[in-house]
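Undergrad: Need a 3D model of the following:
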Amino acid sequence: MSIEGIDPSALLAELKRLEASGQANGADKGPEFSELLAQAVEKVSDTQASAAGMAEAFELGQTDATLAEVMIALQKANLSFQAMTEVRNRLVTAYQEIMNMPI
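TA: Below you'll find the predicted structure:
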């Protein structure tokens, strides 16, 4: 997926150049942004899978969970997905603003 007017290969090259210059300057590195984002996506995925499994077990009568517990788990999964979608939207907006900045 590409956004109109943005060259992904040029952006990738610039990010690699900035990363290399940060390493050359001896910058103290914490966790990579991509790692943090991947962990967040994985957690949302786990939450959704857990809620779906709980709902399926409830439907089949294989769990002691109440309907309220199942609904709360499903709502948590829904809210975490909505939050992840909002983060993605804000990242895209920030990216577009940066790309539109004059040099």
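
Undergrad: Helices of this structure, start to end?
TA: For the chain, the helices defined by DSSP state H occupy 8-24, 33-59, 67-99.

Undergrad: other SSEs contacting the last one?
TA: Right, the one you point to is helix 67-99. When contacts are defined as 3 or more C-beta pairs under 8 Å, 6 or more residues apart in numbering; DSSP states H and E, helix 67-99 packs onto helix 33-59. From N, CA and C alone the C-beta is placed, and that goes for glycine too.

Undergrad: ok, of the helices of the chain, where does mean pLDDT dip lowest?
TA: Among the helices of the chain, helix 8-24 has the lowest mean pLDDT, at a mean of 73.

Undergrad: Now do that helix against helix 67-99, angle only.
TA: Angle of helix 8-24 versus helix 67-99, following axes from the mean of the first three to the mean of the last three C-alpha atoms, to 10 degrees, is 90 degrees.

Undergrad: and the helices of the chain as JSON lines, adding mean neighbour count?
TA: As requested, the helices of the chain are exported to JSON lines (neighbours: other C-beta atoms under 10 Å):
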{"stretch": "helix 8-24", "mean neighbour count": "10"}
{"stretch": "helix 33-59", "mean neighbour count": "13"}
{"stretch": "helix 67-99", "mean neighbour count": "13"}
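
Undergrad: Which residue comes closest to the residue nearest in space to the middle of the chain once chain neighbours are left out?
TA: The geometric centre of the chain, computed from its C-alpha atoms, lies nearest to V41 (C-alpha atoms, centre = their mean), at 4.3 Å. Using C-beta to C-beta, 6 or more residues apart in numbering and skipping the chain neighbours, the partner closest in space to V41 is M84 (6.7 Å).

Undergrad: ok, now which ones touch the one you found?
TA: M84 is in contact with A40, V41, V44, counting by C-beta atoms under 8 Å, 6 or more residues apart in numbering.
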